[in-house]
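J.: need a 3D model of the following:
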Amino acid sequence: MSAFWSEMIGTMILVLLGDGVVAGVLLVRSKGAHAGWLMVTIGWGLGVTMALYVVGQSSGGHINPAVTLALASVGSFPWGKVPLYIAGQLIGAFLGGSLVWIHYLPHWKVTRNPSDKLAVFATSPAIRKKWANLLSEIIGTFVLLFGILAIGETKFTDGLNPLVIGCLVVAIGLSLGETTGYAINPARDLGPRIAHLILPIAGKGSSDFSYAWIPVLGPILGGVTAALTFKAVFLSQIHPLLWLMVPIAGIVIIAAILSEKNIQKI
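T.: Next comes the predicted model:
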């Protein structure tokens with residue numbers, strides 16, 4: 001299988017299973033309605049695991065532009081293949097979101113809350129503050145990439161890596177995901193959000209593209225910073241790009257703190 005098709009299929013499986021569990025929890029008259037956050041995080045973790053098992057051998061199973069860009073930034077992946085991988089990931093995510101819409105077709109009309117319908121496809125913050133939300137996505141994706149690279153350096157029984165990475169995603173969701181819905185993957189958010197915009201979903205409301213830049217930029221910044229940091233800490237390889245990424249992360253942290261102080265004063 002070519003890398004493009006592999007990444008497209010893998011990301012489609014990821015989003016189909018991940019957005020699917022969100023639909024099962026949020027849509028009216030679903031048998032999984034009100035199952036809660038634990039069900040969502042487990043569903044996403046298993047979705048990652050299954051997607052990696054399907055395509056990991058053919059493309060490496062990036063299924064996430066943040067992973068592709070992070071690996072390219074430290075020289076572990078050729079930049080020439082980055083556009084192909086990201087195109088496959090975005091198309092696969094769009095198709096995965098579309099399949100969720102088709103699968104739950106009778107449930108959209110009976111679900112009255114437009115926010116619940118959007119939440120099936122894309123993330124949104126619990127408290128909308130752009131700097132804090134961006135910081136949450138940076139931290140969550142930093143942990144994801146740092147963990148993936150560490151898992152790659154650890155010797156497991158053959159075939160267990162996808163399962164361990166799935167557990168990592170569950171851990172991130174349980175510990176760090178409650179603030180923004182933990183996109184930690186630009187394709188996972190942007191592809192289905194575009195599907196939400198295009199598809200004739202009954203009573204769907206806004207696709208909230210004013211927020212969409214955060215689950216795209218945050219994971220990219222967090223993923224690239226994590227890869228550069230991992231190389232510096234464990235392999236003593238300090239890339240010049242690290243001196244750019246660290247100040248950017250610092251600026252976001254300071255902006256989030258100052259923003260919170262302004263809220264408290266008001």
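J.: could you say which helix or strand contains Ser58?
T.: helix 37-59 (DSSP states H and E).
J.: centre of the chain to that helix, how far?
T.: 12 Å (CA atoms, centre = their mean, to the nearest Å).
J.: for it, packing partners?
T.: helix 3-26, helix 161-176 (3 or more CB pairs under 8 Å, 6 or more residues apart in numbering; DSSP states H and E). Every C-beta, even on glycine, is put in place using the N, C-alpha and C of the backbone.
J.: tabulate these (CSV), appending mean neighbour count and mean pLDDT.
T.: Shown next, in CSV, are the helices and strands packed on helix 37-59 (neighbours: other CB atoms under 10 Å; pLDDT from 0 to 100):
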stretch, mean neighbour count, mean pLDDT
helix 3-26, 24, 98
helix 161-176, 19, 97
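J.: now these as a markdown table including distance to Ile151?
T.: What follows is these, written out as a markdown table (distance: least, CB to CB, whole Å):
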| stretch | distance to Ile151 |
| --- | --- |
| helix 3-26 | 17 |
| helix 161-176 | 5 |
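J.: nearest to Gly60 among those helices would be which one?
T.: helix 3-26 (8.1 Å; CB to CB).
J.: could I have the CA atoms of the closest one written out in CSV?
T.: Output of helix 3-26 as CSV, limited to C-alpha atoms (Å, rounded to 0.1, in the frame of the first residue of the first chain):
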residue,chain,number,x,y,z
ALA,A,3,2.0,5.9,2.0
PHE,A,4,-0.8,8.2,0.9
TRP,A,5,-3.4,5.5,0.9
SER,A,6,-2.1,4.1,4.1
GLU,A,7,-2.2,7.4,5.9
MET,A,8,-5.7,8.2,4.5
ILE,A,9,-7.1,4.8,5.6
GLY,A,10,-5.4,4.9,9.0
THR,A,11,-6.7,8.4,9.8
MET,A,12,-10.1,7.5,8.5
ILE,A,13,-10.3,4.5,10.9
LEU,A,14,-9.0,6.7,13.7
VAL,A,15,-11.7,9.4,13.2
LEU,A,16,-14.5,6.9,12.5
LEU,A,17,-13.9,5.1,15.8
GLY,A,18,-13.0,8.3,17.7
ASP,A,19,-15.8,10.5,16.5
GLY,A,20,-18.0,7.5,16.6
VAL,A,21,-17.7,7.1,20.3
VAL,A,22,-18.4,10.8,20.8
ALA,A,23,-21.5,10.4,18.7
GLY,A,24,-22.6,7.4,20.8
VAL,A,25,-22.2,9.4,24.0
LEU,A,26,-23.8,12.7,22.9
